[in-house]
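Novice: 3D model of this:
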Amino acid sequence: MFGRRRSSADQKMMDRVRERHMTGIREAGHHGSASGARPNRRAQSGGRNMIRVTRLNGELLFLNILQIETMESIPETKIKMMNGDYYLVKDTAESVMEQVRKFYRSCIVHEDENK
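Specialist: Got it, this is the predicted structure:
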């Protein structure tokens, strides 16, 4: 199984599945309740521990930051995941790192000084 390249038919099927998935994510962010409530922010951001990057073809991609193994800056940014997959993205390594820092800062709980 490892090292096997996908046939073009398999790749086209995976692309269709990915597009349906991304359409669902985009639509989830645009549906509010009848009371005029704001759209679900988690659906717009891809989830709590996800970062948003743009593939070279312009497609938005949400990656789990806890699964990122390495990043390289070759003219584009190459992000390698722990499962061996990698993604080439337009975002700079610095902008990806800033999103990661922002996530970890949001995890820190400050004690209320008034208590």
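Novice: Output the lowest mean pLDDT helix or strand found in the chain.
Specialist: Every helix and strand in the chain was compared by mean pLDDT, DSSP states H and E; the lowest is helix 41-45, with a mean of 47.
Novice: Quick check: beta-bridge partners of the residue lying closest to Tyr86 once chain neighbours are set aside?
Specialist: Spatial nearest neighbour of Tyr86, excluding adjacent residues (Cβ to Cβ, 6 or more residues apart in numbering): Lys80 at 4.4 Å. C-betas here are computed from N, CA, C, even on glycine. Lys80 has the following beta-bridge partners by DSSP bridges: Thr70, Tyr86.
Novice: Help me confirm that Asp53 comes into contact with Glu98.
Specialist: Asp isn't right for residue 53; it's Val. No. Contact criterion Cβ atoms under 8 Å: Val53 and Glu98 do not qualify, at 11.9 Å.
Novice: higher neighbour count, those two?
Specialist: Remark: of Val53 and Glu98, Val53 carries more neighbours, 21 against 13, as counted by other Cβ atoms under 10 Å.
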